[in-house]
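Chemist: Give me the fold of what follows.
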Amino acid sequence: MRRHQQLIHEAQQLELQIHQLQQQQQLALAADEKDEEAVQQIELQQQQRRQQQQQQLALAADKKDEKEEEKEEEAKQH
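Modeler: Below you'll find the model as predicted:
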């Protein structure tokens with residue numbers, strides 16, 4: 001009888017451990033998904049920064065072109 005109770009107790013302990021491991025696994029999966037989201041978010045931010053830099057470079061080039069054209073116009077007028 002005592003052995004039977006001991007086995008029941010061990011089985012309950014194992015079930016508890018299984019439950020805890022399942023919870024840890026779910027938390028790990030959730031963390032992985034969040035990591036994936038974070039990675040995607042970072043990649044998106046980097047892409048947006050590159051686009052902004054390209055736009056700023058394009059604007060700077062346009063302004064430079066405009067100034068050069070103005071200088072040429074002035075040179076022609078003089």
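Chemist: Only C-alpha atoms from now on, for both contacts and neighbour counts.
Modeler: Will do.
Chemist: What's the local residue count around R2?
Modeler: R2 has 7 neighbouring residues, counting by other CA atoms under 10 Å.
Chemist: I meant H19, not that one.
Modeler: 12.
Chemist: A60 too?
Modeler: Around A60 sit 12 other residues, with neighbours defined as other CA under 10 Å.
Chemist: give me the number of residues near Q13?
Modeler: Burial of Q13 is recorded as 12 neighbouring residues (other CA under 10 Å).
Chemist: What helix or strand is it located in?
Modeler: With the criterion set as DSSP states H and E, the secondary-structure element containing Q13 is helix 2-77.
Chemist: I'd like the average pLDDT over that helix.
Modeler: Model confidence over helix 2-77, given as mean pLDDT, is 91.
Chemist: distance between that helix and the chain's centre?
Modeler: Distance of helix 2-77 from its chain centroid, counting by CA atoms, centre = their mean, to the nearest Å, is 0 Å.
Chemist: And for H9, the neighbour number?
Modeler: Under the neighbour criterion other CA under 10 Å, H9 is assigned a count of 12.
Chemist: Could you pull up the residues touching it?
Modeler: If a contact means CA atoms under 8 Å, 6 or more residues apart in numbering, then H9 has no contacts.
Chemist: mind checking how far it is from E15?
Modeler: For H9, the distance to E15 equals 10 Å [CA to CA, to the nearest Å].
Chemist: what do you get for A61?
Modeler: Between A61 and E15 the distance, using CA to CA, works out to 69 Å.
Chemist: Kindly report the same for Q41.
Modeler: Using CA to CA, one gets 39 Å for the distance from Q41 to E15.
Chemist: who's in contact with A60?
Modeler: Taking CA under 8 Å, 6+ apart as the test, A60 contacts no residue whatsoever.
Chemist: same check, this time on the one 4 residues further on
Modeler: Taking CA under 8 Å, 6+ apart as the contact definition, K64 lies against nothing.
Chemist: same check, this time on the one 4 residues further on
Modeler: Shown here is E68, which makes no contacts under the criterion CA under 8 Å, 6+ apart.
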